[in-house]
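**Student:** Have a look at this prediction, sequence included:
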Amino acid sequence: MKKLITYISFIILASFGLYSCDLFDVTNPYVTEDRFINSPQAAAIWMNGLKRQSSLTVGTVVEFTELVSDNYFNNYTQSSKVFDFPEINYFDIDVRRVQTSIHLLLETARFGLEKVLPNDPEATAIQEAECIFIMGYAHLLAAELFVAMPESPNGQVLTPTEHLDRAIQYFTQAQGKYTAANDQLICDLALARANHSKGDRQAARNAAARVTATNPSLLKQVFYGTQSGPSNNFQNAIFSGTINQFAPLPRLDFLDPKYFNLTSVIVDDQKPISILKAEEAFLILAEAALSEGNIAEAKSNLSRLITEVIAIRPVTQLDDSRETRNGGNRNDYPLSAVAVRFDSSSPWISGLVLDRQAGKINAYSVSGTHVTVSDIEEASSVDELLYLTYLIRQEVFFAEGRRMTDLGIRFPISELEFNNNSNVNESHLVTQLPTFIPLDLEMDDFSVDPNSGIVTIRHDMNKVLIANKQSNLVIPFF
Amino acid sequence: MKSKTTKKLKRHLKTKVYLFLALFSMQVNAQSITDKRIALGKGSYDVSQVMESISKDTGLLFLYAERPSGKLLLENDEMKIDKVLKQMQAQLGINAQIKGNQIAISKTNKVRELVEGIVRTRQGETLPGASVRVKGSTTGTVTDMDGKFRLNVSPGDVLQVSFIGFQTAEYVVNNATLDIILMENTSSLDEVVVTGQGMSIQKRRLSTNVVSVSGKELEKFPANRFDQLLQAKIPNAQIRLTGGQAGATSIIRARGVVSAFVNSTPVIYVDGVRMDNLNTASTIGGGGAQSAGISSLADIPMDNIERIEYVNGGAATTLFGSDAANGVIQIFTKKSGDGRLSLNFGTEIGLETPTTDFLRFKRVEDLLFQNGLYQRYNLGINGSNSEGFGYSFTMGYLNSDGVQIFDQNKNDRLDMRSGFSAKLGEKVVYESSFSFINNRFKRNRNGNQGGYTGLWYTESGASATTGPQPRFNPDIDNLPEEEYQRMREYVRKAERLQDNEIVVNRFQTSQSFTYKPLESITMKAVGGIDYRTLRNQVITTNEYLTHTTGNLTTNQGSISNGDRKFWGLTLEANAQHRMNIGEFSFVSTFGGQLFRNEDRQVSYVGTNIRDGARNIADAALKTSNEVYYEVVNYGVYFQENLGFKDKMFLELGLRGDGNSAFGQDIGVQYYPKVGFSYIPTFEPFFEDMNWLSSLKLRGNYGVAGNFPTPFMNLRTISFPGYLGEQAAVFGTPGADLRPEKTSTLEVGMDFGLFKDRLAISVGYYNATTNDALFRVPSSPSSGESDAFRNVGEINNKGIEVSMNLIALQKLNQSLSFNLSVNTNKNIVVNSGGSAPFNINGFSERTVQTVVQEGFPVGFIRGSKAIFNDEGLVTEVIPLQNLGTTIPDLYGSMGLNYEFKSFNFFANADYQRGAFANNWDSQFRYFYGAGNEGIPQAEIDQNGRAGWLNMTNMFIEKTDFIKVRVIGANYVIRANQSFFKTMTIGFNVQNPLNFATSSFDPEATISGSAAGQGGATTGGISYATYAAPRQYIGSVKFNF
């Protein structure tokens, strides 16, 4: 018995000995939220995170909405296989991706505003303004892209108009906090866009006019690059990747690629994506004028847009000889400089499809259009000018994720939100797809004359838009 | 001299007088006296004490010429006097006869003679260490290293010869030399096991089922890797390799799937030391989740194994606490030989051919596959000496070309293992084992790796949309020869240019001290480590990219390295006390165990690198990343096993665990168990039922757990960087996580019929996992990433039957069959309101295997198309249950025939009731490589664009019977020659597959979408290689 007691004592002592040493400790390699919030420069670092998220959100929006629209076709097996149709289901992971990316932007900004900035004595008013502005931008995207969306985590579902109201409220609030004139003007541009979407002609016009009057080359972009990112996925899909994934509608061929690398270290040469640019102010003013039947004002705005804005945007001489449109799903993309017509009843136009083997091409990293001042001058009716307005909108905002909204298409709320958020009902799971939108890949479809190689686009979607301008889903001022 | 003679004479006279008196007083009525029982209990007594007791109880007087002395062993309590007297004769040579009220005592005149003998198996193999004992006495010995023994016995004595794993034999001594043959034991009641019990314990005392497989059994079968070695050998578990490439993930599961969080791979211990058992892709450097991952089970050394024990969950694993809900496999290595130095050398040489049974296009065999050479050599040295020092050392080398062209799946492996045992004084035994393995293999691109993969290009029909221009008709078998040659050239170059290599170096050791301070107390301390490093290097050249994409690429060549270093430490100390009080026996076990794992993963990638470079030094851009997991688990356990009359047993156990991965407020977690076992065949009323040789009833309830992923309980911030600057974003959302706990209720019986010729084990289990960790998908609006939370409940229930039939058992030959039948019903009872989440597959839009309330874990979810009579799709219903991936019936079967030194064997396993998606076929449909059963009318009207809407048309049953091995061995014994034995063998591995699916039902992308170590059930067949067929001849020498 005595021995037994000795052994047990030994075990207990040994256990205590073990307990006191490092055997029980683990090293946590992560920074906890509490530790971060109370650390120096938390606000500045969080703002970088917010910028990063802005870039990622825009990248996601651009990738998927460009496929939905007539702008790009997914010629490869990666990324969405059905948005081109367009077939948009609430349970599609890509719907969730887009929705998540917008909420993540909103919540990152909100967390910065409510948790990080108040704890950091070095936080500035500008950082506060930036958070508020981004919240506004997130609401703007929610309004433009979704049939409805919660306003907060598992919160109430807001209609696009309600989101636009939130966006307008935040843009106005941010404008008051920014001190630099340019920042304030960006808020005007954002307000013009939000009010345009909302259909508030006067408010949109006022804001847009401030932009065109003050800084016709105003531009706000999100940035990409460096190994740690964020990276411009769309650039990868249209230029930098080893596979030719996305192919543009042949009549927009001359605008592709908008994003490209000139140096061999791709991650360090990632082009920014514009999220607000002065072009929009001119286009809004033109649309507003046309909605009032004021052709002259519209012409003036569109001409100024071409001569004062688009003409001064950068143009890069680019070697794009690697582009062979050989993604695989369609093998008949034109590769030589052939004429194209916008539909079977349109005239042939040259210069829109490029021969990329013939030398360097012009690449427009901010804006480009084939519409000329004389085209504008020649137009005489509201519809002709409205057609040109929407054609320029398409070309100027090409690869910027705006076309899907102009076509009146909106994503449903995702299945996952529906499963988690009791405020979401089944009506929110229905995609907004106007009846005039052709299905079965027809928006991206074209035919190639087997002899001459000339290309006929199946549908001129701008014509379709103008024909349906009275629809509540498109062209807000009509 | 004189006085001595006088003394002798006197003694002789005295004896004569007593004998005379005894004979004279012989009376009737002796019978009633001999039926009386003595008051002494079971145990060893001085004979005088026994005599006193008899006198006291019966009033009989002992008469003797010389007072007897010596120890007498009473085998039972309160034995009849008649029996006691017989024991006196048997054990001490004392002749006792009752005459009236006296018992006359005399020494027998039996002459004790020296006999010699040898103990062998039926196959002629000698058995060192066998126990040889004169029945009914304490006289005995053990056989030496050559299986020989010498013993003094009396003519007519009966020798009892026993050895673990063999039936005890009885021989009447009638010759001076004895050749004794022992038959294998089929009843395992007296087998001693360790796993899940703290220390060794007899199986009869257990309420749970512990499967043990001997090293000898394992050596018979060829295998490329450890888990394959166990395939079809563990009756109640399924072991499936998800791919045919070296290192592929295996899906090991028993009793369904208890967790939707962690992979179903059991925890693996080698000599008490916990191993790295990662069986999915790792976070960095270990394959892709959507292709075949890289399994750490593939590089556990297979040589020098004494035995393997397996417990499949429930009460059997309770003492492992927070780490064992999926069961435990424990490997015990050899640490000693059977005496003097013994040398073994073995070589296996054979041919590997691709398993082409499941290929859709015949020409794919020519495009992607080759025949390869397989060779394996091993050398073993072992021995021991009489001072208790033993050693066993093996070294093995395996080389296989693989069956993919350009040796793109070749495998080189060198492994060494040594074991030592030494007696340190009378009471302490030291044992140690070391192993080292170096494994280097190539892997081809497979599964959903993005870009070109050989099977995707050929079998899935992607040649229609990618590769050289003009594209091909993807119906390869119908390509014109010229076209085919063009494709062949393209494919061969694409295969040749791949460069994906994995190198594993692994070191393991276990050190243990066993201390036996008293006969009744055993104490043991074990410590050891498993250190495993893996380097996965993928070289992607510009030439490869240019070739496979068709686009000239000059600046995107890359070298991607992923290193994973796993370091696991295990410390365990325990003590066992055995005690008998009357009819009761107590085995008390108390112990503490600690293990800590450190898992550090680093990637270092060079991009924009020149073709030809093999390290990243010259890359224009270099990047790196790191992941670190660390966890420590510590627990104490106690188990009491109470026995009554050696036939009724009650088990009680409890383990308490702390773990660094638990949330801060979780505290110590407890795992209780309780069980009983009862062996009614030891009851007198069963004595007449000769046909029933053994019966054991058992039942238990026990809890075991799985601890959460380290650091997942923290709410963190991540810093991914923004244009080269620090940037902060949301990290893990954090939750106070506790282990998921699986409570299992189990009842069963094991019985043997006709002298155990037919042994059957039948059991029913019902296991519920509470607090199941579910990867709760966050709502998009939360802005949070998905997080594990203890919200789920999973239930598995089923029946487990295994049987072994010895159809023939003679000295020269035997024939036996084994069969196991298991059923399982799996369901997610409750998901705590969380949304469904996937564990494998692609997106909701395509096909996934999903965890959702009301369905089995990992059921296939996808779109269901309804066709009308004309063959047109009339309705598409998304997110439908298209079938479970967990079989409801599975098991294994085998046969073994021995004729003298010849041995023929085969085994197979099977499953029924599971389904899988044939993604290759779905792609073929999409790419126009075939209609794949879709009505022509639908294609004519809508084209193939709706290919994702009709996933239900690409679901197939995956019932199969696969013959894993057929083989034969012949042993030549030649003691006079330079070798002792030579074994010649021939085996075919994976010779026959019978499946209801058109694809290999096992070769599925391995999944674990939740990341490293995540749950998977397979279920999607996509661009995955089937395990090759091997024809292997072997020669083994024993010197």
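**Tutor:** Perfect, I can see it now.
**Student:** Every contact and neighbour count from this point should use C-alpha atoms.
**Tutor:** Noted.
**Student:** which ones are touching residue 422?
**Tutor:** This is for chain A. A:N154 (C-alpha atoms under 8 Å, 6 or more residues apart in numbering or on different chains).
**Student:** That was the other one, I meant chain B.
**Tutor:** B:388-390, B:429-431.
**Student:** switch the cut-off to 6 Å
**Tutor:** B:388-389, B:429-430 (C-alpha atoms under 6 Å, 6 or more residues apart in numbering or on different chains).
**Student:** Please apply the same query to A:D343.
**Tutor:** Contacts of A:D343 (C-alpha under 6 Å, 6+ apart): A:456-460.
**Student:** By neighbours, which of those residues wins?
**Tutor:** The residue in the contacts of A:D343 with the most neighbours, by other C-alpha atoms under 10 Å in any protein chain shown, is A:T456 (24 neighbours).
**Student:** any low-confidence regions in chain A?
**Tutor:** For chain A, residues meeting the criterion pLDDT under 70 lie at A:1-21.
**Student:** residue boundaries of the strands in it?
**Tutor:** For chain A, strands defined by DSSP state E occupy the ranges A:31-32, A:72-74, A:149-150, A:157-158, A:219-222, A:246-248, A:273-277, A:315-318, A:340-341, A:361-364, A:446-448, A:455-457.
**Student:** Same question for the stretch 151-300 of chain B.
**Tutor:** Applying DSSP state E, counting those that start in this stretch to the stretch 151-300 of chain B gives strands spanning B:158-162, B:169-172, B:177-182, B:192-193, B:201-202, B:211-214, B:238-241, B:250-253, B:267-270, B:273-274.
**Student:** helices or strands next to the third one in the packing?
**Tutor:** Applying 3 or more C-alpha pairs under 6 Å, 6 or more residues apart in numbering or on different chains; DSSP states H and E, one finds that strand B:177-182 makes contact with strand B:113-121.
**Student:** for the residue in the stretch 251-400 of chain A that chain B sits nearest to, what are its contacts?
**Tutor:** Nearest residue of the stretch 251-400 of chain A to chain B: A:G328, at 4.1 Å (C-alpha to the nearest C-alpha). Each residue near A:G328 by C-alpha under 6 Å, 6+ apart is listed here: A:75-76, B:465-466.
**Student:** let's see 8 Å
**Tutor:** Contacts of A:G328 (C-alpha under 8 Å, 6+ apart): A:75-76, B:464-466.
**Student:** pLDDT score assigned to the closest residue to it other than its chain neighbours?
**Tutor:** The shortest distance from A:G328 to any non-neighbouring residue, by C-alpha to C-alpha, 6 or more residues apart in numbering or on different chains, is to B:T465 (4.1 Å). With respect to pLDDT, B:T465 scores 88.
**Student:** For B:T465, which residues are in contact?
**Tutor:** Contacts of B:T465 by C-alpha under 8 Å, 6+ apart are A:327-329, B:471, B:927.
**Student:** hang on, the earlier thing: return the closest of the contacts of B:A422 with respect to chain A.
**Tutor:** B:V429 (17.0 Å).
**Student:** Next one: the nearest residue to that closest one once chain neighbours are set aside from B:A104, what distance?
**Tutor:** Excluding the flanking residues, the one nearest B:V429 by C-alpha to C-alpha, 6+ apart is B:K423, at 4.4 Å. Note on B:K423: its distance to B:A104, by C-alpha to C-alpha, to the nearest Å, is 48 Å.
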